[in-house]
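J.: using only what follows, build the 3D model:
(4 chains)
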There are 2 protein chains.
Amino acid sequence: MKSEILKGHLDVLVLRVLEDGPSHGYRVIELLRTRSAGTFDLPEGTVYPVLHRLERRGLLSSSWTTGAGRRRRVYSLTGPGRLALAAGRQDWAHFTVAVGAVLKEAT
Amino acid sequence: MKSEILKGHLDVLVLRVLEDGPSHGYRVIELLRTRSAGTFDLPEGTVYPVLHRLERRGLLSSSWTTGAGRRRRVYSLTGPGRLALAAGRQDWAHFTVAVGAVLKEAT
DNA sequence: CTTGACACTATGCGACACTAAGTATAGAAT
DNA sequence: ATTCTATACTTAGTGTCGCATAGTGTCAAG
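T.: The predicted model follows:
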């Protein structure tokens, strides 16, 4: 599967994963992989920049935790983040309907 | 709706439209718009390059027709084009399942 | 004779997923 | 002890592709 098809959709997926509670980058990667049954097995170089970008936009907030000796940056959904997630869900629904309409077999 | 979400999906849509028979660029644009109920209202600067790219890849073939005084380049699906369309359909199905799995509300 | 739909071409930009390379800790295996 | 593996984060650079923009030209309607 080509990688461009993810373009523009990754943000929503990340926001969705964080909707269930704060988590750190590495765990976000794992969650995306397991929840998608292996389809979204994303390299770190893909996910971390997304996290940074979303934080810069105010959709996430982060803080360092040095709990188990390992330093982790834990991300949480912000208010705007929740709004963006809701909007993203709608966009996705709309998008799939449109693609489905074009793609559907001729009768 | 952000425009990046189309990335990587446009090729399949164009191939699908041409599955119903050859047509020229402008008409492809119209078909995408009407079949998607207005969602995919794409500028020429988006669609023509796609057509050229798909032809370069051998998925389409084209020929000039100067029928009504107006010169038109008519595109047809090739054999490889049909295969690519089939693959693209499958990719789309797979992709939506995966996104759906991640996006679905917590129980 | 101007407006608007039709029809195609070309240049360049910006967003973003990904590659690749690097840093660093903890626990298990040899 | 040491090496390997998994964990955990960073960043510079690359390539693709949708889109903006601008330009060319035909044709019918008013």
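
J.: all contacts plus neighbour counts: C-alpha atoms, from now on.
T.: Fine.

J.: tell me which parts of chain A are close to DNA strand D?
T.: By CA under 7 Å from any atom of the strand, the residues of chain A that approach DNA strand D are A:4, A:24-27, A:44-46, A:48-49, A:52, A:70-74.

J.: keep only those that also lie close to chain B.
T.: Counting by CA under 8 Å from any CA of the partner chain, A:E4 from the residues of chain A next to DNA strand D sit close to chain B.

J.: which one of the residues of chain A next to DNA strand D is nearest B:L32?
T.: Distance to B:L32 across those (CA to CA) is lowest for A:E4, with 20.0 Å.

J.: ok so, going back, among the residues of chain A next to DNA strand D, which ones are in strands?
T.: By the criterion of DSSP state E, membership of the residues of chain A next to DNA strand D in strands covers A:24, A:72-74.

J.: which of these ranks first by neighbour count?
T.: A:H24 (20 neighbours; other CA atoms under 10 Å in any protein chain shown).

J.: name the nearest residue to that one, ignoring sequence neighbours.
T.: A:V74 (4.2 Å; CA to CA, 6 or more residues apart in numbering or on different chains).

J.: returning to what we had before: in a markdown table, list the ones in strands among the residues of chain A next to DNA strand D along with pLDDT and distance to B:T65.
T.: As requested, those are exported to a markdown table (pLDDT from 0 to 100; distance: CA to CA, whole Å):
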| residue | pLDDT | distance to B:T65 |
| --- | --- | --- |
| A:H24 | 96 | 58 |
| A:R72 | 94 | 63 |
| A:R73 | 96 | 61 |
| A:V74 | 97 | 60 |
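
J.: just the element for A:R16, please.
T.: Using DSSP states H and E, A:R16 sits in helix A:10-19.

J.: show me how far that helix is from its chain's centre.
T.: 3 Å (CA atoms, centre = their mean, to the nearest Å).

J.: lovely, talk soon.
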